[in-house]
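Trainee: Here's a sequence, model it:
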Amino acid sequence: MAASVELESRQARDNRTVLLTAAVGIVALIFNLIRVGRPSMWRDEVVTALMAERGPRGIFVLAGHMDLVHTPYYLTMWAWSTVFGTSEWSLRLPSVAAMAVAVATLFVLARRYTTTLGALIAAALFLVLPSTTRYAQEARSYAFIVAAVVISTLLLHIALEARRRDWWIAYAAALAVGALFSFMSLTILLAHLVLLWRRAPMSTVTYAWAPGVFVGGLLAWFGSGQAQAVGWIPPADWKRLQDASMQLAGSQLTAMLFLATVVALAVWMIGSQRWQDFGWLLIVATLPLLLWIAGHFASVFVVRYVLFVVPFYALIAAMVMTRVHIVAALAFLLAVALPSYPAQREVRSQLGHGDDFRTVHALIAGQARPGDAIIFDFTAIRTGFDYYNDRTPTIPLADPLNVSTADDLTTFGNLSKPCTPAALAGIRRLWDVHVPGSPLVARTGQTICGTDLRLVGTTPHGGVLVSLYQR
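Mentor: Predicted coordinates for the structure are as follows:
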């Protein structure tokens with residue numbers, strides 16, 4: 001009788017956990033759906049749209065020349081878009097869903113380290129950060145990577161407890177999925193190694209890691225031959241590390257608050273000698289620093305590449321502050337959430353993703369005249385304009401520098417010939433869509449490309465400038 005009552009009680013607890021986890025995921029989904037279509041697509045997102053529209057043949061042809069490491073994501077989005085289309089809302093919805101899964105999974109993982117209320121605080125801390133919203137609402141693979149890393153970490157905990165083969169297979173699968181979307185996700189294995197130390201046979205670890213390491217290694221090996229994929233990344237320096245902390249946390253103050261909890265965890269862990277229980281979290285917390293160090297020797301330091309550490313910072317903060325007092329944990333949540341509000345509004349605005357191609361297109365569509373021409377001088381800028389122009393076409397505009405063809409699948413369709421007086425001969429009004437400091441088109445004072453076209457005016461639209469020249 002007692003065993004039956006205990007079983008029913010356990011089932012009731014499990015049911016409550018499932019319902020609460022589902023509720024956390026739904027709240028995260030709704031939160032990140034708010035104004036999901038408001039920010040203009042930026043240059044990376046329009047590439048996603050382009051590749052989804054090209055389909056498998058176009059994706060694989062491009063992979064032979066560039067962006068090979070993004071092939072799994074492009075194929076995923078092609079499959080999605082065949083059903084749901086390539087609107088801004090549609091392309092971003094998979095990322096919103098993936099980040100909601102990550103938040104819900106973090107809640108389940110956090111319950112292993114703190115109370116149910118503490119786990120809710122961990123999930124809330126992760127959810128309210130502007131970086132979470134930014135990449136939840138972006139049509140790129142980063143939310144997928146975050147979800148895969150958090151899920152794999154939870155599955156590792158379960159596999160170590162259950163010691164059943166099916167859980168180890170699930171863990172291996174989650175690692176492989178993360179590696180498919182980014183081989184950088186495999187850096188989480190440094191933290192997992194601490195959890196696994198003396199807790200699992202080496203043969204089990206080898207079999208569990210092998211699929212992910214193989215997939216990630218393969219993508220890294222072949223992708224390393226495409227130097228242009230990382231050639232744009234500047235060397236790491238102290239300022240870029242500071243900027244990275246602000247980008248992940250949303251503000252310098254928030255970054256310092258999270259850092260303080262990491263230090264507190266380290267002090268407590270040393271005092272209690274429980275390095276194997278909590279040391280893995282400190283390893284995760286140092287991954288951005290390790291990437292920054294590597295960035296001094298290779299072009300790898302981009303903060304979004306380690307976005308997956310953010311939920312673990314939230315877990316550390318919730319653990320530490322609930323050990324102080326639940327009121328302290330709630331106060332910490334408020335101290336993070338309130339300063340994040342302006343940044344939350346900003347990332348959901350028209351300029352939230354940096355490039356405002358929507359306004360660029362609307363400006364030119366509203367002011368273009370018959371006989372006008374347009375030029376683009378930076379990778380994906382033409383693609384960004386075309387994304388909106390395909391949906392609401394302007395009057396026909398000559399594109400005198402464009403040498404791309406519809407059947408050329410080896411680039412993003414933005415090949416340009418040199419801008420010379422001959423190339424711009426006969427053009428009376430010219431729209432110049434470019435990025436600040438681009439050297440690809442010669443602009444000297446009020447003229448362009450050595451012609452007598454004179455600058456009428458320039459307007460900024462996030463990371464994109466629109467200049468109008470006229471004879």
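
Trainee: which residues in this structure form strands?
Mentor: Under the criterion DSSP state E, the chain contains strands at 373-376, 429-434, 443-444, 447-448, 454-461, 464-470.

Trainee: Which of those strands sits closest to Leu190?
Mentor: Minimum separation from Leu190 across those (C-beta to C-beta) falls at strand 464-470, 38.5 Å. Placement of C-beta: from N, CA and C, glycine included.

Trainee: before we move on, back to that, need the strands of the chain in a markdown table (columns: mean pLDDT).
Mentor: Output for the strands of the chain, formatted as a markdown table (pLDDT from 0 to 100):
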| stretch | mean pLDDT |
| --- | --- |
| strand 373-376 | 94 |
| strand 429-434 | 95 |
| strand 443-444 | 86 |
| strand 447-448 | 92 |
| strand 454-461 | 94 |
| strand 464-470 | 95 |
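
Trainee: Of all those strands, which one is nearest Ser404?
Mentor: Here strand 373-376 is closest among the strands of the chain (C-beta to C-beta), at 10.5 Å.

Trainee: one step back: redo the strands of the chain as TSV? Include distance to Phe278 and mean neighbour count.
Mentor: Shown next, in TSV, are the strands of the chain (distance: least, C-beta to C-beta, whole Å; neighbours: other C-beta atoms under 10 Å):
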stretch	distance to Phe278	mean neighbour count
strand 373-376	51	24
strand 429-434	50	22
strand 443-444	56	13
strand 447-448	60	18
strand 454-461	47	13
strand 464-470	46	20
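
Trainee: Quickly note the distance from Val347 to Leu29.
Mentor: Distance, Val347 to Leu29, by C-beta to C-beta, to the nearest Å: 17 Å.

Trainee: same check, this time on Ile427
Mentor: From Ile427 over to Leu29 (counting by C-beta to C-beta), the distance is 49 Å.

Trainee: Same question for Phe126.
Mentor: For Phe126, the distance to Leu29 - C-beta to C-beta - is 14 Å.

Trainee: Looking only at neighbour counts, state which of those two leads.
Mentor: Ranked by neighbour count (other C-beta atoms under 10 Å), Phe126 and Leu29 place Phe126 first, with 28 against 18.

Trainee: How many residues are close by the residue lying closest to Ala174 once chain neighbours are set aside?
Mentor: Excluding its sequence neighbours, the residue lying closest to Ala174 (C-beta to C-beta, 6 or more residues apart in numbering) is Ser152, at 3.7 Å. Neighbours of Ser152 under the rule other C-beta under 10 Å: 27.

Trainee: I'd guessed Thr21 sits against Val101; true?
Mentor: No. Thr21 is not in contact with Val101 according to C-beta atoms under 8 Å; the separation is 10.3 Å.

Trainee: quick one: contacts for the spatially most central residue of the chain?
Mentor: Residue closest to the average C-alpha location in the chain (C-alpha atoms, centre = their mean): Tyr142, at 3.2 Å. Tyr142 makes contact with Ser95, Tyr135, Arg304, Leu307 under the criterion C-beta atoms under 8 Å, 6 or more residues apart in numbering.

Trainee: So what's the predicted local confidence for the last one?
Mentor: This points to Leu307. Model confidence at Leu307, given as pLDDT, is 95.

Trainee: Relative to Arg304, how far out is the nearest residue to Ala329 once chain neighbours are set aside?
Mentor: Spatial nearest neighbour of Ala329, excluding adjacent residues (C-beta to C-beta, 6+ apart): Met321 at 3.8 Å. Relative to Arg304, Met321 is positioned 27 Å away (criterion: C-beta to C-beta).

Trainee: neighbour-wise, which of those two wins?
Mentor: Taking neighbours as other C-beta under 10 Å, Met321 and Arg304 compare with Met321 leading, 26 against 20.

Trainee: For the stretch 201-350 of the chain, give me the ranges with low pLDDT.
Mentor: In the predicted model, the stretch 201-350 of the chain carries pLDDT under 70 at residues 227-231.

Trainee: Tell me where it has helices.
Mentor: 202-223, 238-249, 252-272, 275-294, 310-324, 326-347 (DSSP state H, counting those that start in this stretch).

Trainee: Please identify the most buried of those helices.
Mentor: Of the helices of the stretch 201-350 of the chain, the one with the most neighbours on average (mean count of other C-beta atoms under 10 Å) is helix 310-324, at a mean of 25.

Trainee: Now do that helix and helix 252-272, the angle between them.
Mentor: Using axes from the mean of the first three to the mean of the last three C-alpha atoms, to 10 degrees, the inter-axis angle of helix 310-324 relative to helix 252-272 is 60 degrees.

Trainee: what sits against Trp78?
Mentor: Met51, Ala52, Arg54, Gly55, Pro56, Ile59.

Trainee: Put together TSV for those, with distance to Gln446 on each row.
Mentor: What follows is these, written out as TSV (distance: C-beta to C-beta, whole Å):
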residue	distance to Gln446
Met51	39
Ala52	41
Arg54	40
Gly55	45
Pro56	48
Ile59	43
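
Trainee: Which of those are buried, as a ChimeraX select command?
Mentor: Per 16 or more other C-beta atoms under 10 Å, the buried members of those correspond to this ChimeraX selection:
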select :51,52,54,55,59
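
Trainee: Okay, and which of the contacts of Trp78 map to helices?
Mentor: Counting by DSSP state H, those place Met51, Ala52, Arg54, Gly55, Pro56, Ile59 in helices.

Trainee: so the residue nearest to Ala174 touches Leu186, yeah?
Mentor: No. Ser152 is not in contact with Leu186 according to C-beta under 8 Å; the separation is 10.1 Å.

Trainee: joint contacts of those two?
Mentor: With C-beta under 8 Å, 6+ apart, Ser152 and Leu186 have common neighbours Leu175, Gly178.
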